[in-house]
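K.L.:
build me a structure from this.
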Amino acid sequence: MLPRIKEGGAYIKFTYGPGLSPGSVHEAVSQYVKEKNVRPWFAPLTGVRAGLVMGKPWVEDLYRLPSRRLKVEFLPTDPGGVAADLSQEELYAFFRPYGKLTDITTMPSDSKAVPRYAYLDFSKVSKAVMGKNCMHGYVVSEAQGGGKLGTVLRIGYERKARFKFIWEWLSGHPRIVIPVLAAIIATVTVTVFDPIRTLFIKAHVTRTLHLDSNRFYRWFKRKTEDLLTRSGLRSTDDDEAGMQAIWEDRRGDIDQIKTWLMETADTFIVVQGPRGAGKKELVEQALKNRKHRLVIDCKPIQEAHGDAKTISAAAVEVGYRPIFSWMNSISGMVDLAAQGATGIKTGFSETLDNQLAKIWANTSTALKQIALEGRKKDDKDASLSDDEYLEAHPERRPVVIIDNFLHKSNEGGIVYDKISAWCAKDVLPHHKNNTDISTGPLHSPPQTSHTSYSSPTTYPSPNPFPKLSPTASSAKSPSQTAPKTSPSAT
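P.N.:
Take a look at the predicted model:
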């Protein structure tokens, strides 16, 4: 017995005495495997079949994997002789006993290719393996249609060029394939990556993944600070007492910001003043007990060089990840090459404007989900819409703090244009000058280091909007007086 592991079978060489024939031995072996229900371990649902070898098999160890298609070449029995070209009917009669044939393809009659050949397609690979091993080297006699000197059958596996055909079709229709591919990529991005990015933004706002949000870490830190203070290793700073005096003096401004945040009117708050006036500290004191807040610092975004770094900086500010900013330049080159080859814009690359718009849109989605997390179906106001619910519960809305607004605005305003558009469309949805825009559950108090505020875009903003102007004397000394607030219109 000679095993053929590559083809999943084996050759069995046998001898027989007088009164027997190879056909009778084949029938006896077939009956035995059928009665014993012999099944291979690698194919438990397929039974073992036996076939009588009619030709001279070629036992090789080449890397030629079996396939359902066989290439049958017609060779002469002697060098220089002429081989007969077998018809489809004759090939069917020879190979049908080994398994179901799905198609037989012969060469065109006017073809000059030598040797002549035909393709036989079996329904299963196992049947093609049986046909090849049993009929390879078989000599077709003159009576069987093999010519005067006979015809030798040389059989080998032939793979169908399915994928080659698909590739040729795809490469030959770029005007159809490239837009469809761009649509598939966009669909996968929205379906797979957008929910992940929204989840990361929510974790960034709620500080789920931050160490200081862990209650065990906070307990350990508090106990350690108390122990150091009692042992005298940590002394209270006089500056802390001075800062407390300043915040007591500015209690009116802090309460004013808290009051504005609790109002249901869709607006934003501008805290402006010269450098060192204590704008950031004032806002931090006002939002100290606010659970969900998002700080967007415009300075690193505006100072980033190049579109990729600008996108990465904006994504870091809101926790937007994963971000493939490096793909923007590569997709731009691909888009340019495809446009030159096909004459149409593929849409692979996206401008900085579109990328920033995506970041802010995902941020709006995450903030709204955070605001609605505690809502239940059995609440007394469960019948209210999302916008009505957030108007009735302004304390649930996250606060967005835009720091260093208009920083280096003279060097380019696309970042501030997108932030202004985002505020106008998502923060101020019910303003009378805004139409056909989505709603958003948040307030945005921008912070700016400029002494005056002016919108860098033509997007509508509320008029009037609350404005707070801390004095330049700020948070250095507790003896300075608190500034006055004036919700004025600009």
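K.L.:
can you count the residues close to the nearest residue to M262 once chain neighbours are set aside?
P.N.:
Among residues not flanking M262 along the chain, P394 sits closest, at 5.2 Å (Cβ to Cβ, 6 or more residues apart in numbering). Yep, even glycine has a C-beta here, placed from its N, CA and C like the rest. Neighbour count of P394, defined by other Cβ atoms under 10 Å: 15.
K.L.:
again, but for the one 10 residues further on
P.N.:
Look at N404: counted by other Cβ under 10 Å, it has 20 neighbours.
K.L.:
got it, and T105?
P.N.:
12.
K.L.:
contacts only, for the residue nearest to N133 when sequence neighbours are not counted.
P.N.:
In space, and not counting its chain neighbours, N133 is closest to P57: 5.4 Å by Cβ to Cβ, 6+ apart. The contact partners of P57, taken as Cβ atoms under 8 Å, 6 or more residues apart in numbering, are 11, 133-134, 136-137.
K.L.:
helix, strand or coil for P57?
P.N.:
Going by DSSP: H, G, I helix; E, B strand; the rest coil, the secondary structure assigned to P57 is coil.
K.L.:
please pick the buried ones from the contacts of P57.
P.N.:
Listed as buried from the contacts of P57 are 133-134, 136; burial here means 16 or more other Cβ atoms under 10 Å.
K.L.:
among those, which are located in helices?
P.N.:
133-134 (DSSP state H).
K.L.:
K376: which of the buried ones among the contacts of P57 is nearest?
P.N.:
Among those, N133 lies closest to K376 (Cβ to Cβ), at 70.8 Å.
K.L.:
how far away is that closest one from G55?
P.N.:
Distance of N133 to G55, computed by Cβ to Cβ, to the nearest Å: 9 Å.
K.L.:
what's the answer for S67, then?
P.N.:
19 Å.
K.L.:
same check, this time on K376
P.N.:
79 Å.
K.L.:
show me which of these two is the more surrounded one.
P.N.:
G55 (18 against 6).
K.L.:
ok, the more buried one - contacts?
P.N.:
Per Cβ under 8 Å, 6+ apart, neighbours of G55: 134-139, 153.
K.L.:
which of those sit farthest apart?
P.N.:
Pairwise over these, using Cβ to Cβ, the maximum falls at C134 and V139, 13.7 Å.
K.L.:
can you list the contacts of G55 in a markdown table and add distance to Q31 and pLDDT?
P.N.:
Output for the contacts of G55, formatted as a markdown table (distance: Cβ to Cβ, whole Å; pLDDT from 0 to 100):
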| residue | distance to Q31 | pLDDT |
| --- | --- | --- |
| C134 | 18 | 92 |
| M135 | 23 | 93 |
| H136 | 26 | 93 |
| G137 | 27 | 93 |
| Y138 | 25 | 93 |
| V139 | 29 | 93 |
| L153 | 28 | 94 |
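K.L.:
quick check: phi and psi on A118?
P.N.:
phi -150, psi 150 (degrees, to the nearest 10).
K.L.:
so who does the nearest residue to it once chain neighbours are set aside touch?
P.N.:
Nearest residue to A118, sequence neighbours excluded (Cβ to Cβ, 6+ apart): T106, at 4.5 Å. The contact partners of T106, by Cβ under 8 Å, 6+ apart, come to 85, 87-88, 91, 118-119.
K.L.:
take those residues and keep only those in helices.
P.N.:
Per DSSP H, the contacts of T106 map to helices at 88, 91.
K.L.:
which among the contacts of T106 count as buried?
P.N.:
Buried among the contacts of T106 by 16+ other Cβ under 10 Å: 85, 91, 118-119.
K.L.:
tabulate those residues (TSV), appending distance to G19 and pLDDT.
P.N.:
Below are the buried ones among the contacts of T106 laid out as TSV (distance: Cβ to Cβ, whole Å; pLDDT from 0 to 100):
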residue	distance to G19	pLDDT
D85	40	89
L91	34	94
A118	38	94
Y119	41	94
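K.L.:
show me the helices in the stretch 201-350 of the chain, by range?
P.N.:
215-230, 238-249, 251-262, 279-286, 298-303, 307-318, 327-342 (DSSP state H, counting those that start in this stretch).
K.L.:
about what we covered before: which residues are in contact with each of N133 and G55?
P.N.:
Going by Cβ under 8 Å, 6+ apart, no residue sits against N133 while also sitting against G55.
K.L.:
what stretches of the stretch 201-350 of the chain score poorly on pLDDT?
P.N.:
213-214, 232-247, 249, 264-267, 325-350 (pLDDT under 70).
K.L.:
out of the contacts of T106, which one sits closest to H173?
P.N.:
The closest of the contacts of T106, once distances to H173 are taken by Cβ to Cβ, is Y119, at 27.4 Å.
K.L.:
how about the nearest residue to the closest one, chain neighbours excluded?
P.N.:
T105 (4.2 Å).
K.L.:
whichever strand or helix holds that neighbour: how far from the chain's middle?
P.N.:
Assigned by DSSP states H and E, T105 belongs to strand 101-106. Centroid separation between strand 101-106 and its chain, computed with Cα atoms, centre = their mean, to the nearest Å, is 43 Å.
K.L.:
in its sheet, which strands sit next to it, and in what direction?
P.N.:
Here strand 101-106 has these sheet partners by DSSP bridges: strand 117-122 (antiparallel).
K.L.:
how about the partner strand as CSV, C-alpha atoms only?
P.N.:
Output in CSV follows, covering the C-alpha atoms of strand 117-122 (Å, rounded to 0.1, in the frame of the first residue of the first chain):
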residue,chain,number,x,y,z
TYR,A,117,-6.2,18.9,-24.5
ALA,A,118,-9.6,19.1,-22.8
TYR,A,119,-10.9,20.3,-19.4
LEU,A,120,-13.1,18.1,-17.2
ASP,A,121,-14.9,19.7,-14.3
PHE,A,122,-16.1,17.4,-11.5
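K.L.:
quick thing: my sequence starts at 578, can you match it?
P.N.:
OK, 578 is where the count begins now, so the last one is strand 694-699.
K.L.:
next one: that strand to chain centre, how far?
P.N.:
43 Å.
K.L.:
about what we covered before: now the two most distant members of the buried ones among the contacts of T683.
P.N.:
D662 and Y696 (13.7 Å).
K.L.:
now the buried ones among the contacts of T683 as JSON lines including distance to I979?
P.N.:
Listed next are these as JSON lines, based on distance: Cβ to Cβ, whole Å:
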{"residue": "D662", "distance to I979": "83"}
{"residue": "L668", "distance to I979": "79"}
{"residue": "A695", "distance to I979": "76"}
{"residue": "Y696", "distance to I979": "70"}
